[in-house]
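Visitor: Curious how this folds, go ahead:
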Amino acid sequence: MGEVKLVVLDRDGTINRDSDAYIRSPEEWLALPGSLEAIARLNRAGYTVAVASNQSGVARRLFDEDTLARIHAKMRRTVQAAGGRIDRIAYCPHHPEAGCECRKPAPGLLHRLAGHYGVPLAGVPVIGDSRRDLEAARAAGARPILVRTGNGTRTEAAGEAGGVEVYDDLAAAADVLAEER
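Guide: Now for the predicted structure:
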């Protein structure tokens, strides 16, 4: 097997619609326009697609891990129906005040994925819509990329993008990454 070419995506606001009230059920999980096809395009370009997502709704008891597994199963099915594949999902179920190493902006989820694949994070694209995604990527030595979907426009307007690559959505970022291959 050749070297893994990894790309890590945030979930809410990057792949699917975000909600201040949390995505609490598979029915509430709705893909953003073009995101499913973007994942398929990344796969065709040779990327292994993984997801790193904060899911504090588990600790807040808004939904349980079984429900989260059903949400992720729906995400995987819809991506697969569009011709793509999400290889692995790493998530932090902890409360923001828990002080864990896995909640973004800490880089723990990214390190967990890198360890699973046995690859260094240097240069690995990490695509998200918030400052915490960018900070986690920077802390891990990866390549932070901001999309303007979800909280991205607000993140950019607040000056929190800090000179990173910015694209309108996951599809636009995927186009650039696919060309680089």
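Visitor: Just checking, which helix or strand succeeds the longest helix anywhere in the chain along the chain?
Guide: Ordering each helix of the chain by length in residues (DSSP state H) puts helix 65-81 first. Using DSSP states H and E, the next helix or strand after helix 65-81 towards the C-terminus is strand 88-92.
Visitor: elements contacting that following strand?
Guide: Helices and strands touching strand 88-92, by 3 or more CB pairs under 8 Å, 6 or more residues apart in numbering; DSSP states H and E, are strand 47-54, helix 108-117. Just so you know, the C-beta spots here come from the backbone N, C-alpha and C atoms, and that holds for glycine as well.
Visitor: Can you get me a residue count around residue 181?
Guide: 10 (other CB atoms under 10 Å).
Visitor: How about residue 181: what's its closest non-neighbour residue?
Guide: Distances taken as CB to CB, 6 or more residues apart in numbering put residue 45 closest to residue 181, at 4.3 Å, once the chain neighbours are dropped.
Visitor: Residue 173 is in contact with the one you found, correct?
Guide: No. Look at residue 45 against residue 173 with CB atoms under 8 Å: they stay out of range, at 11.8 Å.
Visitor: The two: which is more packed in?
Guide: Taking other CB under 10 Å, residue 45 and residue 173 do not tie; residue 173 has more neighbours (23 against 16).
Visitor: From residue 152, how far off is the more buried one?
Guide: Here residue 173 is placed at a distance of 11 Å from residue 152 (CB to CB, to the nearest Å).
Visitor: can you pull the contacts of residue 73?
Guide: Contacts for residue 73 were tallied using CB atoms under 8 Å, 6 or more residues apart in numbering; they are residue 26.
Visitor: Repeat the analysis, applying 10 Å as the threshold.
Guide: Taking CB atoms under 10 Å, 6 or more residues apart in numbering, we find residue 73 in contact with 26, 29.
Visitor: so how far is residue 89 from it?
Guide: Counting by CB to CB, the gap from residue 73 to residue 89 is 10 Å.
Visitor: next one: residue 33
Guide: In terms of CB to CB, residue 33 sits 22 Å off from residue 89.
Visitor: who's more crowded, the two?
Guide: For residue 33 versus residue 89, neighbours defined as other CB under 10 Å are more numerous around residue 89 (20 against 13).
Visitor: now the strands for the chain?
Guide: 5-9, 47-54, 88-92, 125-128, 143-147, 165-167 (DSSP state E).
Visitor: want to throw the ones you listed into CSV with mean pLDDT?
Guide: As requested, those are exported to CSV (pLDDT from 0 to 100):
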stretch, mean pLDDT
strand 5-9, 98
strand 47-54, 98
strand 88-92, 98
strand 125-128, 98
strand 143-147, 98
strand 165-167, 98
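Visitor: out of those strands, deepest packed?
Guide: Most buried of the strands of the chain by mean neighbour count (mean count of other CB atoms under 10 Å) is strand 125-128; its value is a mean of 28.
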